[in-house]
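Q: fold the following for me, if possible:
(3 chains)
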Amino acid sequence: MSTENLVKHLPNDIGGLAGSHEPINLTEHPMLSWEKYCHALLDVLDYHKIVNTEEKRRGTENLGSEMIGKLTYYERWIVSASNCLLQKGILYPDEIANKTKEVAARYNITL
Amino acid sequence: MSSEHNHPHDDHAPIVCDEKPGYYEILEISIRELLIERGLLAASEIRDQIEILDSLSPVHGSKLVVRAWKDEAFKQRLLENGVTGALEMGITIYDDTDFTVLENTENIHHMVVCTLCSCYPRAVLGLPPDWYKNKQYRSRAVIEPRAVLAEFGTIIPDDIEIRVNDSTANLRYMVLPVRPKGTEDYTDEQLIGLVTRDTMIGVKVPTV
Amino acid sequence: METIEHNPAKFAVGDEALVAQKFPIGHYRVPMYMRGKKVRILRRLGKYINPETEAFGKNAGDKLWCYLVTITQIELWPAYQGKAIDKLEIEIFEPWLEPVKLSTNEQ
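A: Next comes the predicted model:
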């Protein structure tokens, strides 16, 4: 099978692909505190056009099907936003590494 | 993985967690703090946005529906322009999208989906449920809407047209369901209780 | 806003159009299931920033006409199990729409 469809057909473009053998899971989880912060952060990034909503969507698609399948909704958002900020030269890899290490240390976590 | 425990918090308090955050929470805190240190955004803006998110509720949509049921002139204005119609009821479409109301009739039943992501009329219905964002609903609603509706317990008669709206650009849809018969004497509060979130996504119909 | 319309809409309400069978990479907002399908224009929605460029940080510039279009489900999905009256509506930007060429029989 040719690989070109992996390039042309984005992993979020799923209309019509699944069938009745995949029932809809109607379980709903209450929004976690960090998820609300994540949502608010992305809204503010869009207001300032630092990372607009369309860039965030592209960033989510560009995570690829494995990450899209395994990460939760807001996990995808924050990784997408991080990658967009890196691609735009607003943040750099090493400062994210240092900051995550510092934040983790506040909770006595070693990343 | 993050904990399932959803602890209450004071939105105005500094962010203090009494439990260990997961990796993605740490990443979110880190990105937010780096951007605040750079002066690219302010902590107060995040708090203000959290207040907006906390104020969202499908009850806003329910109130629009009930007014539209009782006030034909308002219904026409709401169908003509959802943004200004909602504003009449004090609801601001804060995200700069085109709020659009789809009227169900005796002949047409609408249902809403976003196959590409999770577009949803947040200003009116709040944040979308998990199933709306998951791949099963997003992929199936467009190709087998009647089977999807049946999973929600909704059977639409064969002579009623199902109209699926796939939200892909600036329109954000809310379904205006048909007022059930036998509700002529209902108070506004009773009517609002019938108009659940799912009836305004179009996966259920209000019943008495 | 604009006193002179430099970019009039190419399609009118009721027109038929074909959704282009083309394949951008990187980002798009026209689902694969709509490519190459014949649709009818329901509404001119106005002009918006092109999401395909907005997704790469272009927050301003020329706006494109966007339309609400409709198609019957049986035209969309060959094996559709629902009813012939069922339809789907979706927003499509103008560069994705092509005029329908009438065959000589239909003229």
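Q: and the pLDDT at the residue nearest to B:A169 when sequence neighbours are not counted?
A: Using C-beta to C-beta, 6 or more residues apart in numbering or on different chains and skipping residues adjacent in sequence, the residue nearest B:A169 is C:E91, 3.9 Å away. (Glycine included, C-beta is placed from N, CA and C.) At C:E91, the model reports a pLDDT of 98.
Q: hmm, who's touching whichever strand or helix holds C:E91?
A: Using DSSP states H and E, the secondary-structure element containing C:E91 is strand C:87-93. Residues from elsewhere that reach strand C:87-93, judged by C-beta atoms under 8 Å, 6 or more residues apart in numbering or on different chains: B:142, B:161-171, C:19, C:29-31, C:34, C:39, C:42, C:45, C:48, C:50-51, C:64-73, C:76.
Q: cross these against strands and list the overlap.
A: The strands, defined by DSSP state E, take in B:161-166, B:171, C:19, C:39, C:42, C:45, C:48, C:64-72 from the contacts of strand C:87-93.
Q: near chain A, anything from stretch C:24-37?
A: Yes. Contact check for stretch C:24-37 against chain A, using C-beta under 8 Å from any C-beta of the partner chain: residues in range are C:I25, C:G26, C:H27, C:Y28, C:P31, C:M32, C:Y33.
Q: would you indicate which residues of that stretch are buried?
A: C:H27, C:Y28, C:R29, C:V30, C:P31, C:M32, C:Y33, C:M34, C:R35, C:K37 (16 or more other C-beta atoms under 10 Å in any protein chain shown).
Q: near chain B too, which of these?
A: Applying C-beta under 8 Å from any C-beta, the subset of the buried residues of stretch C:24-37 adjacent to chain B comprises C:R29, C:V30, C:P31, C:Y33.
Q: and the helix or strand where B:L64 lies, does that touch chain A?
A: Under DSSP H and E, the secondary-structure element containing B:L64 is helix B:58-70. No. Helix B:58-70 stays clear of chain A (C-beta under 8 Å from any C-beta), getting no nearer than 12.7 Å.
Q: can I get that helix as CSV, trimmed to CA atoms?
A: Below are the C-alpha coordinates for helix B:58-70, written out as CSV (Å, rounded to 0.1, in the frame of the first residue of the first chain):
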residue,chain,number,x,y,z
PRO,B,58,-26.3,24.9,28.5
VAL,B,59,-29.0,26.7,30.5
HIS,B,60,-28.2,29.8,28.4
GLY,B,61,-29.2,27.8,25.3
SER,B,62,-32.2,26.4,27.0
LYS,B,63,-33.4,30.0,27.8
LEU,B,64,-33.0,31.0,24.2
VAL,B,65,-35.0,28.0,23.1
VAL,B,66,-37.9,28.7,25.5
ARG,B,67,-38.1,32.3,24.6
ALA,B,68,-38.1,31.3,20.9
TRP,B,69,-40.9,28.9,21.6
LYS,B,70,-43.0,31.6,23.2
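Q: packing partners of that helix?
A: With contacts defined as 3 or more C-beta pairs under 8 Å, 6 or more residues apart in numbering or on different chains; DSSP states H and E, the packing partners of helix B:58-70 are helix B:72-80, helix B:82-88, helix B:122-125, strand B:171-176, helix B:188-194, helix B:197-201.
Q: for the second one, the distance to its chain's centre please.
A: What it means is helix B:82-88. Between the centre of helix B:82-88 and the centre of its host chain there is 16 Å, according to C-alpha atoms, centre = their mean, to the nearest Å.
Q: then the last one?
A: The offset between the C-alpha centroid of helix B:197-201 and the centroid of the whole chain comes to 8 Å, using C-alpha atoms, centre = their mean.
Q: got the contact list for that helix?
A: B:58, B:61-62, B:65, B:111-112, B:124-126, B:129, B:132, B:152, B:174-177, B:204-206.
Q: quick check: the residue in chain C positioned nearest to chain B vs A:H48, distance?
A: The shortest separation between chain C and chain B is 3.9 Å, found at C:E91 (distances taken as C-beta to the nearest C-beta). According to C-beta to C-beta, to the nearest Å, C:E91 and A:H48 sit 26 Å apart.
Q: do A:S33 as well
A: Following C-beta to C-beta, the distance that separates A:S33 from A:H48 is 23 Å.
Q: same deal with B:Y186?
A: In this structure, B:Y186 lies at 45 Å from A:H48, with C-beta to C-beta as the measure.
Q: quick one, which of those two is more surrounded?
A: Ranked by neighbour count (other C-beta atoms under 10 Å in any protein chain shown), B:Y186 and A:H48 place B:Y186 first, with 17 against 12.
Q: now do the SS call for the more buried one.
A: With DSSP: H, G, I helix; E, B strand; the rest coil as the basis, the three-state label of B:Y186 is coil.
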